[in-house]
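1. sequence first, then the predicted structure:
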Amino acid sequence: MPQTLTVLGLESSCDDTAAAVLRHVPGQPCQILSSVVSGQVALHAAFGGVVPEIAARAHVERLDICVEEALATAGLRLSELDAIAVTAGPGLIGGVLAGVMCAKGLAAGSGLPLVGVNHLAGHALTPRLTDDLAFPYLMLLVSGGHCQFLEVLGPDAFLRLGGTIDDAPGEAFDKVAKLLGLPQPGGPAVEACARAGDPTAFALPRPLLDRAGCDLSFSGLKTALLRARDGVIATHGGLPQGARADLCAGFQAAVVDVLAEKSRRALALHKARTPQHLSFAVAGGVAANGSIRAALQAVAAEVGAAFVAPPLMLCTDNAAMIAWAGMERLRLGLVDDLTLAARPRWPLDRTSAPLLGYGKKGAKA
Ligand code: KG4
Ligand code: ZN
């Protein structure tokens with residue numbers, strides 16, 4: 001008989017320190033009793049990217065504050081929980097270590113079971129927390145640090161169909177914003193600026209569309225945008241607002257086209273294996289982009305797949321997804337002990353070839 005579970009989750013693999021408490025009564029929607037996220041954007045703003053050392057120190061300072069707040073908001077004491085789940089990788093190792101050490105301390109002090117969670121599994125399982133989505137389903141994880149198509153087969157069973165061979169799309173949005181003098185995080189700024197632009201004013205490439213399969217690349221697109229910007233500056237002696245908007249619109253349209261076509265291919269692969277109950281889910285900060293979301297929804301509709309996009313606060317980094325993934329592991333009896341290791345790299349799919357690259361926000365897998 002499945003039991004009611006109440007789990008504390010911790011997340012510290014990049015630049016958000018987070019703690020959350022979830023309660024799940026089998027057969028009912030899972031309740032998020034609290035979800036605390038302490039972001040670090042201001043700490044890294046001057047450096048143009050996440051500085052691992054600064055991130056790790058901030059996690060050490062904030063983790064126990066977030067845990068206390070999450071427990072207080074949930075109105076629970078540690079002794080009333082069933083387990084402690086923590087991101088054990090992949091990510092910036094200093095931050096992951098800070099989270100794992102905090103969770104070990106809590107587990108050792110309380111006697112509660114400890115569950116190590118793969119951060120990517122947290123994202124990939126979120127549609128089950130929000131929409132009770134049944135296995136299997138196709139997931140596009142698209143954020144500042146990650147970009148991959150995953151067939152989600154079970155709480156601990158994933159098949160990677162493809163992924164980026166260089167930058168993640170969010171990373172590309174952030175770099176493009178920097179090149180065009182727009183603020184960070186770049187995604188929302190580029191999307192807003194693109195509204196006034198003409199997406200056809202500059203001819204930008206659609207990388208890897210000529211190559212079969214679902215792998216993606218965004219680094220060449222970023223370089224093409226840099227060249228186009230330099231051409232404008234050489235002609236006008238500066239970057240007029242109209243050209244900036246056209247560059248943003250052209251870049252966003254290229255990302256939309258690439259993500260849509262690669263999603264089409266990933267869905268075709270998924271459909272060949274799973275003709276019934278076709279579902280396509282998306283997670284990660286880039287899923288906040290209206291044009292990208294609409295394009296992915298349209299691709300899902302083409303093949304009659306259900307489209308699931310969790311609310312943004314659960315798409316971006318958070319600890320509720322870690323608590324949920326921990327619960328799913330706990331129900332399978334997958335519990336760790338105090339030897340749990342923090343891992344900078346931890347591919348979800350143990351069978352596919354590893355992804356290349358190590359982005360500014362940590363390992364790609
Ligand atoms: O998932 P997330 O919060 O953090 C990680 O990367 O782990 O994603 C943040 C990324 C940033 O690169 C940000 O620029 C991008 O998501 N992003 C967007 C939008 N909102 C956030 N990219 C495109 N359009 C947006 N509206
Ligand atoms: Zn993430």
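-> Everything's here; your move. What you see is a predicted model, and the numbers here were worked out from it, not measured in a lab. Residues are numbered from 1 along each chain as shown. Ligands and ions are numbered 1, 2, ... in the order given.
2. contact partners for the closest residue to Arg77 other than its chain neighbours?
-> Across the structure, with CB to CB, 6 or more residues apart in numbering as the measure, the residue nearest Arg77 apart from its sequence neighbours is Leu71 (6.9 Å). All C-beta spots, glycine's among them, are computed from the backbone N, C-alpha and C. Leu71 sits next to Leu8, Val21, Ser34, Arg77, Leu78 when contact means CB atoms under 8 Å, 6 or more residues apart in numbering.
3. distance of Leu71 relative to Leu208?
-> Remark: distance between Leu71 and Leu208 (CB to CB, to the nearest Å) = 46 Å.
4. next one: Glu69
-> Glu69 is 43 Å from Leu208, where distance means CB to CB.
5. pick out the residue in the stretch 101-250 of the chain sitting closest to ligand 1.
-> With CB to the nearest ligand atom, the shortest gap between the stretch 101-250 of the chain and ligand 1 falls at Gly187, namely 2.0 Å.
6. before we move on, back to that, by neighbour count, which of the contacts of Leu71 wins?
-> Of those, Leu8 is surrounded by the most neighbours, 31 neighbours in total, counting by other CB atoms under 10 Å.
7. what is the burial count for the closest residue to Glu69 other than its chain neighbours?
-> For Glu69, the nearest residue in space outside its immediate sequence neighbours is Val36; the separation is 4.8 Å by CB to CB, 6+ apart. Other residues within reach of Val36, judged by other CB under 10 Å, total 22.
8. so Val36 is in which element?
-> Val36 is part of strand 31-39 when elements are defined by DSSP states H and E.
9. now Phe158
-> Counting by DSSP H and E, the secondary-structure element that holds Phe158 is strand 157-163.
10. the helix or strand following that strand near ligand 1 anywhere?
-> Scanning forward in sequence from strand 157-163 by DSSP H and E, the next helix or strand is helix 169-179. Yes. Figure legend: helix 169-179 in contact with ligand 1 (CB under 6 Å from any ligand atom); contacting residues Gly170, Glu171, Phe173, Asp174.
11. most neighbours among the residues you listed, please name it.
-> Phe173 (30 neighbours).
12. now the strands for the stretch 201-350 of the chain?
-> When assigned using DSSP state E, counting those that start in this stretch, the strands of the stretch 201-350 of the chain occupy the ranges 279-283, 306-308.
13. can you give the distance of the first one from its chain's centre?
-> On the basis of CA atoms, centre = their mean, to the nearest Å, strand 279-283 sits 12 Å off its chain's mean C-alpha point.
14. tell me the contacts of the residue in the stretch 201-350 of the chain that ligand 1 sits nearest to?
-> Distances between the stretch 201-350 of the chain and ligand 1 by CB to the nearest ligand atom are smallest at Gly285, namely 2.2 Å. For Gly285, the contact set (CB under 8 Å, 6+ apart) comprises Ser143, Gly144, Gly170, Pro185, Gly187, Leu312, Cys315, Thr316.
15. next one: Cys66
-> Taking CB under 8 Å, 6+ apart, one finds Leu10, Thr17, Ala18, Ala19, Val36, Ser38, Ala319 in contact with Cys66.
16. at 10 Å what do you get?
-> Contacts of Cys66 were listed using CB atoms under 10 Å, 6 or more residues apart in numbering, and they are 10-12, 16-20, 34-38, 59, 102, 319.
17. next one: Gln28
-> Under the criterion of CB under 10 Å, 6+ apart, the neighbours of Gln28 are Thr4, Asp132.
18. how close does it get to ligand 1?
-> Computed as CB to the nearest ligand atom, to the nearest Å, the Gln28 to ligand 1 distance reads 28 Å.
19. what about that residue, which helix or strand?
-> In this structure, Gln28 sits in neither a helix nor a strand according to DSSP H and E.
20. ligand 1 contacts on the protein?
-> Going by CB under 6 Å from any ligand atom, the residues of the chain near ligand 1 are 14, 143-145, 170-171, 173-174, 185-188, 191, 284-286, 288-289, 316-317, 361.
21. then Leu153 would be within a strand, right?
-> Yes. Assigned with DSSP: H, G, I helix; E, B strand; the rest coil, Leu153 falls within a strand.
22. pLDDT score for the residue nearest to Met313 when sequence neighbours are not counted?
-> Taking CB to CB, 6+ apart, and ignoring the residues beside it in sequence, Met313 has Ser35 as its nearest neighbour in space, at 7.3 Å. According to the model's per-residue confidence, Ser35 sits at a pLDDT of 98.
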